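Colleague: how would this look folded up:
(3 chains)
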Amino acid sequence: MAVMSRQLDFCLGELAERLELELRGDNTLRIEGLATLQTARRGQITFLANPQYRRYLKDCAASAVILKAEFADECPTACLVAKDPYLAFAKTTQLFDQCPRARVGIHPTACVSPEARVDPSASIGPHCCIEEGVSVGSGVTLGAGVVLGSATQIGRDTHLHPNVTVYHGVSMGANCTVHSGVVIGADGFGFAPSAAGWEKIAQLGGVRIGDRVDIGAGTTIDRGALDDTVIADGVIIDNQVQIAHNVCIGKNTAIAGCTAIAGSTVVGANCTIAGAVGIVGHLHIVDNVHITAMSLVTKSIRESGSYSSGTGMQQTRQWRKNAARFSQLDELSRRIHSLEKAST
Amino acid sequence: MAVMSRQLDFCLGELAERLELELRGDNTLRIEGLATLQTARRGQITFLANPQYRRYLKDCAASAVILKAEFADECPTACLVAKDPYLAFAKTTQLFDQCPRARVGIHPTACVSPEARVDPSASIGPHCCIEEGVSVGSGVTLGAGVVLGSATQIGRDTHLHPNVTVYHGVSMGANCTVHSGVVIGADGFGFAPSAAGWEKIAQLGGVRIGDRVDIGAGTTIDRGALDDTVIADGVIIDNQVQIAHNVCIGKNTAIAGCTAIAGSTVVGANCTIAGAVGIVGHLHIVDNVHITAMSLVTKSIRESGSYSSGTGMQQTRQWRKNAARFSQLDELSRRIHSLEKAST
Amino acid sequence: MAVMSRQLDFCLGELAERLELELRGDNTLRIEGLATLQTARRGQITFLANPQYRRYLKDCAASAVILKAEFADECPTACLVAKDPYLAFAKTTQLFDQCPRARVGIHPTACVSPEARVDPSASIGPHCCIEEGVSVGSGVTLGAGVVLGSATQIGRDTHLHPNVTVYHGVSMGANCTVHSGVVIGADGFGFAPSAAGWEKIAQLGGVRIGDRVDIGAGTTIDRGALDDTVIADGVIIDNQVQIAHNVCIGKNTAIAGCTAIAGSTVVGANCTIAGAVGIVGHLHIVDNVHITAMSLVTKSIRESGSYSSGTGMQQTRQWRKNAARFSQLDELSRRIHSLEKAST
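Modeller: Residues are numbered from 1 along each chain as shown, chains lettered A, B, ... in the order given. This next block holds a predicted model:
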């Protein structure tokens, strides 16, 4: 079970020190929380990152604001000066995180194989199940009901929230966060057709996940068919994403919710894939590609840049007429061509 | 574990009384189940809601029919007269529901923090885990393996099916139903870019869910970044829906399966959002909006009505030609313009 | 907990015998694993199914290759001759599967109703919950944390991986595989509108699943409203698929990841539905239909063949212009018509 004992307020001087930011104003001010520039009140700290919110600064009721040096003079309150206020804000949120810390040790209701190795500093929650050959590193947290299949490896300080399932032979690096409902290492969708129906292709590969990977609730990452599925260091994945067998995701790529990536596709580093995107199998996407929401990617992308598919939204009445014309588009194009020919 | 002891048959008079409907015919008829107008047989009750099924009425083999007064005369069997037969049918199904009721009390395998408050009339299933500071109201049911993070509140008569995960600091009202695999309160997808990779923005908000909210299997509702994610009273949500941090959903809105709503978007009351819709972040959608299946919403909707995007389906051969022309659409449009200019 | 005791190497003669294939070469060669034609090394077996990979055959470093008779002469190594090398490869993978087998018997932490019938050859993992009236067949495996609602039936040799949830009254045939996070039998999304909000339609039907059905991680299959939801024999379903109430899926149909099928739709046999497809409710799709990735199906399909919707992907800059023109498509079409009229 959990322990709640986190410090929830700081004096401004302590915040400045921890965040390594220059303080202008009273370093004894108590800061008990964060809020936006428009809603923050006394006792809270806020931030100005997007210049279009600058107009709210003069009426800000917060006790302190994190902002760039160029705005410090017009700040009516104490401030912390940051080169990148949004990044400083991110670090500040971590100081105020109330996510309860779990108790170190193995809960008596957990089933841990005598042939598993669990570091004594790890926290294993109620009703967890750890199979033989598993290795759980120092500082690891497993929430209630987490299942680790045989021979999986969980790197130090990685946090698996309740009801995560990891199949056998998965390896995960250090400082990862995996949210509830995630399934890692289930069989890829591989079958050979036969006269008698579909013949299963046993999925003999595993899943290799790097360090500092964040995986959102309900996401599924399948094991490879022959080789491994690979998620590189620093990748962040939102909720309900589907990553099929033998996909490789490059370093620091971000994937938003409900995106699906089909088998054997390779996605480069530093890509940003918006929500509900579909990427078909066996493609290669280079580094630094952005794909807009709900696009379907059916061809490899060999040049960095932004890509899209789909149509704009309209009132259904109008849309219906246009969608009907879409079905005649090739014919319309030919008619334009005929007109052009006739007019010359 | 569960107890099955529900009454599974009624005499027609009892049904009429419970449903507060006028009975025409024999009030002693035994009714043991429901079926459609075309498939119902003796001992079953059926309903006529959609007038286009009226033609099946004369041959109906049911023991009784729920219908409007205007059709009662042509009904060959006993009937229950309702102003809204579909609504009366819905209420009838509830009487015949065989979903087993759980035993009151805390199952011995559940782990309940001594600092949690569980009403004695609640039913806590096997292998549940209830952290400190949790409040579980009267008549609440938790299926097997449900996890409630610290300081969550579950209102009276709410039913969480097996393997639901609720993170810390979530509040849920009365008479809600939450299906298996749901995850409420996982971290929103918030990260600040930095030279060293993505810096996590701790998600300090919670999730507030009203009364009579229904949440389908595998749905995920993230906690807010600074403020809460909010689901108002009477909202119904289907399976595998993704609701990102700080989304607000208005009263009685219905969201069909696999829809994804990105961060900070506000959806009004009484909206109906069809399946597999994508709504990008930071939008505002007014009340009484309908969005058709698989549409992508990229702009705020300020007027009630029906909205769509996408194209119609065709045979792949034809579609391919039209889709190719879509990529030339701007050019085609210019060519039409040139022709028009030339012809005047 | 699991037992790992699977044989992981074979001599080539033994493989030939088990797979019923003709061996050409040394039957004493040790085979310890599988790999692709390009990556296989000594001690491994590979296969040549797609003729376009034939060029890799001459440099293949594997100990043996599964291939068609016509390519045997140019094979530099031992080979197994197969009429359908891909199918033979599938069967070979099964021999090398390292998925750990579970121990027979009921784990002491499982909660099994005294009114359930569990075959003594079944394996019930830690923290499972089996309600009254359940029947678990011979050779069945339930991973940790599986919940079986009352009166469910699980056919022989079916394998439910950890954290699968099955509601009451679901029946599943023999030799099925169900991956983690799957939810079968949750309520269909059925509500009647009323002045007071949505009135729940209790879902009185069940789910009937045939033999040899494979269900991927995180998939949800809802129970029927009045009749059952039905999945026929040999159906294969990938991850995060949503199958709504009263859907019927015909024999040997394959459904790729993230596809959603709305209520009461009937899909024929031997269909292949690609990933992220949406199919609206109450449609009828005949046998042998293929639907390409991310298509939306809004009308019944009465003729076998391949169907698609959507647009191609482009650079966002270009796409934006074309998408803008899509919204004028009906008008553009009228302008073409006017030009045609004027030019005659």
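Colleague: tell me, please, the helix or strand in chain A that averages the lowest pLDDT.
Modeller: strand A:2-3 (a mean of 48; mean pLDDT, DSSP states H and E).
Colleague: backbone dihedrals for A:L57, both of them.
Modeller: phi -60, psi -40 (degrees, to the nearest 10).
Colleague: next one: it from A:A274, what distance?
Modeller: According to C-beta to C-beta, to the nearest Å, A:L57 and A:A274 sit 31 Å apart. To be clear about C-beta, it is placed using only N, CA and C from the backbone, and glycine gets the same treatment.
Colleague: neighbour-wise, which of those two wins?
Modeller: More crowded of A:L57 and A:A274, by other C-beta atoms under 10 Å in any protein chain shown: A:A274, with 24 against 19.
Colleague: hmm, A:T292 and the more buried one touching each other?
Modeller: Yes - distance between A:A274 and A:T292: 5.4 Å, which falls inside the contact criterion (C-beta atoms under 8 Å).
Colleague: find the helix or strand that the residue nearest to A:D157 when sequence neighbours are not counted is a member of.
Modeller: Spatial nearest neighbour of A:D157, chain neighbours left out: A:G139 (4.2 Å); criterion: C-beta to C-beta, 6 or more residues apart in numbering or on different chains. Of the helices and strands defined by DSSP states H and E, none includes A:G139.
Colleague: residues near A:G139, how many?
Modeller: For A:G139, using other C-beta under 10 Å, the count is 17.
Colleague: what about the helices in the stretch 51-200 of chain A?
Modeller: In order along the chain, the stretch 51-200 of chain A carries the following helices (DSSP state H, counting those that start in this stretch): A:69-72, A:85-95.
Colleague: can I get those in JSON lines with distance to C:V178, mean pLDDT and mean neighbour count?
Modeller: Converted to JSON lines, the helices of the stretch 51-200 of chain A look like this (distance: least, C-beta to C-beta, whole Å; pLDDT from 0 to 100; neighbours: other C-beta atoms under 10 Å in any protein chain shown):
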{"stretch": "helix A:69-72", "distance to C:V178": "56", "mean pLDDT": "95", "mean neighbour count": "13"}
{"stretch": "helix A:85-95", "distance to C:V178": "39", "mean pLDDT": "96", "mean neighbour count": "21"}
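Colleague: and of those, who's closest to chain C?
Modeller: helix A:85-95 (23.9 Å; C-beta to the nearest C-beta).
Colleague: is that closest one positioned near chain B?
Modeller: Yes - part of helix A:85-95 sits close enough to chain B to count as contact by C-beta under 8 Å from any C-beta of the partner chain, namely A:Y86, A:L87, A:F89, A:A90, A:K91, A:T93, A:Q94.
Colleague: columns distance to chain C on top of the residues you listed, output as TSV?
Modeller: Shown next, in TSV, are those (distance: C-beta to the nearest C-beta, whole Å):
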residue	distance to chain C
A:Y86	24
A:L87	26
A:F89	29
A:A90	27
A:K91	32
A:T93	29
A:Q94	29
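Colleague: OK, contacts around A:D9?
Modeller: A:R30, A:I31, A:E32, A:G33 (C-beta atoms under 8 Å, 6 or more residues apart in numbering or on different chains).
Colleague: closest to chain B among those residues?
Modeller: Relative to chain B, the closest of these is A:G33; by C-beta to the nearest C-beta it sits at 7.5 Å.
Colleague: which strand residues bridge the closest one?
Modeller: Beta-bridge partners for A:G33, by DSSP bridges, are A:Q44.
Colleague: what's around it, how many residues?
Modeller: With other C-beta under 10 Å as criterion, A:G33 counts 17.
Colleague: nearest residue to A:Q328 other than its sequence neighbours?
Modeller: C:S333 (7.1 Å).
Colleague: I'd assumed A:F326 was in contact with that neighbour.
Modeller: No - C:S333 is beyond contact range of A:F326, at 10.1 Å (criterion: C-beta under 8 Å).
Colleague: if A:V166 is in a bridge, with which residues?
Modeller: A:L148, A:I184.
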